[in-house]
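**Student:** heads up, no residue letters with this:
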């Protein structure tokens, strides 16, 4: 089955499309046929920010929902043309653009409510290609008591589980998240969670400092020139209860958006120092999550362990992998881990999540559960997504 997976994440850099020929899920056998990234225009990026976790007009939200469906369809067409793919698609899996995610229930109109909203009209893609589209993956897990995320551990387990090698799959997008897979683990033995900020704070700082002319710190070259404000990092890691909270847990723009960026900017230091600070926060929050939760999972121990006690691999994907400064800081924080990439497993760094949603759509259309309850906190495994024919 030829499936197009679409991912547009919290970093707001654009749309990633992976077209894969999936032979079967277990063991996972697939061939990557095409991979394509479609950057958002500054106008689209600002429009998404304008409806994300803020007061927004219903007209803007509706128009953007439809527009994103068109942009997703365009990106699929360009991926097919660029690769020369002649075979028709059978299925599309589209995560959509998250504009609000609240994994923990809060009292609303007298009832505890958790919720999530991803936009991007699937009917547009179904009409354009004449095939089913699986979208809106998170709500079914939340209805079963889960947090609706992370969902990529479904792919992590399929690809990275090994009888003898414990592994940590780390993805550094706008938010950083990891999956800890003990050697020989069953799905219910893995854990997965968002560790905190990935590229989000760094990207917002550089975008605001340059008036949108630059959208990320390429290779970490600007942050490398700065002096990190270590007191800010230490205060955040010690005072924010998120880092000590036991998984499953999720984070988003609600925690690491404008409020944190503004708090950094009010310090009044050069952009180099602010970027260095944000980069250090990402590295240390990841390392904290690894030491506090991932390594005990890999060792089968309930308490915190030093990383030297578990000889594990950490496989890194996502845009943050291209930030050499961030990767150096991460290696310094976790010197005992063997840190590498996902390419040996045929997962290109920038398209792992898109491939994950192709695999999740394949599972959904075949009536197979796609969530991992130990990762999301759901009461049981469920079939994810809504199908638009």
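**Tutor:** Cool, got the structure. Quantities reported herein were computed from a predicted structural model and do not represent experimental measurements. Numbers count the residues shown, from 1 in each chain.
**Student:** quick one: secondary structure of residue 105?
**Tutor:** Of the three states, residue 105 takes strand according to DSSP: H, G, I helix; E, B strand; the rest coil.
**Student:** renumber starting at 45 from here on
**Tutor:** With 45 as the first residue, the last one maps to residue 149.
**Student:** burial measure for it, as a count.
**Tutor:** Residue 149 has 14 neighbours, counted by other Cβ atoms under 10 Å. Where C-beta positions appear, they are placed from N, C-alpha and C, glycine not excepted.
**Student:** separation between it and residue 164?
**Tutor:** Residue 149 sits 25 Å away from residue 164 when distances are taken as Cβ to Cβ, to the nearest Å.
**Student:** also residue 133?
**Tutor:** Taking Cβ to Cβ as the measure, residue 133 and residue 164 are separated by 17 Å.
**Student:** compare the two (neighbour count), which wins?
**Tutor:** residue 164 (27 against 19).
**Student:** my guess is the more buried one meets residue 141, correct?
**Tutor:** Yes: the criterion here is Cβ atoms under 8 Å, and residue 164 meets it with residue 141 at 5.6 Å.
**Student:** intersection of neighbour lists for those two?
**Tutor:** 52, 112 (Cβ atoms under 8 Å, 6 or more residues apart in numbering).
**Student:** what residue is smack in the middle of the protein?
**Tutor:** Relative to the mean C-alpha position of the chain, the nearest C-alpha, by Cα atoms, centre = their mean, is the one of residue 217, at 5.4 Å.
**Student:** got the contact list for stretch 119-137?
**Tutor:** Taking Cβ under 8 Å, 6+ apart as the rule, stretch 119-137 contacts 45-50, 59, 61, 63, 77-80, 82, 166, 169-170, 172-173, 175-179, 181, 401-406, 408-409, 429.
**Student:** can you give me the helices for the stretch 295-433 of the chain?
**Tutor:** Ranges of helices within the stretch 295-433 of the chain are 297-300, 302-309, 315-333, 339-343, 368-377, 396-409, 417-420, based on DSSP state H, counting those that start in this stretch.
**Student:** point out the most buried one among these.
**Tutor:** Comparing the helices of the stretch 295-433 of the chain on average neighbours per residue, with mean count of other Cβ atoms under 10 Å, the densest one is helix 396-409 at a mean of 27.
**Student:** what about residue 284, how many residues close to it?
**Tutor:** For residue 284, the number of neighbouring residues by other Cβ under 10 Å comes to 14.
**Student:** can you pull the pLDDT of it?
**Tutor:** Residue 284 is assigned a pLDDT of 95 by the prediction.
**Student:** returning to that earlier point: residues contacting the residue nearest to the centre of the chain?
**Tutor:** Contacts of residue 217 (Cβ under 8 Å, 6+ apart): 53, 54, 55, 242, 243, 362, 363, 364, 397.
**Student:** equivalent analysis for residue 166, please.
**Tutor:** Taking Cβ under 8 Å, 6+ apart as the criterion, residue 166 is in contact with 113, 136, 138, 177, 178, 179, 180, 430, 432.
**Student:** mind running it again at 10 Å?
**Tutor:** 113, 116-117, 136-138, 140, 176-180, 429-433 (Cβ atoms under 10 Å, 6 or more residues apart in numbering).
**Student:** buried subset of those, written for ChimeraX?
**Tutor:** For the buried members of the contacts of residue 166, the matching ChimeraX selection, counting by 16 or more other Cβ atoms under 10 Å, is:
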select :113,116,117,136,137,138,140,176,177,178,179,180,429,431,432
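**Student:** of the contacts of residue 166, which belong to helices?
**Tutor:** Of the positions in the contacts of residue 166, 113, 116, 117 sit in helices, assigned by DSSP state H.
**Student:** alright, calling it a day.
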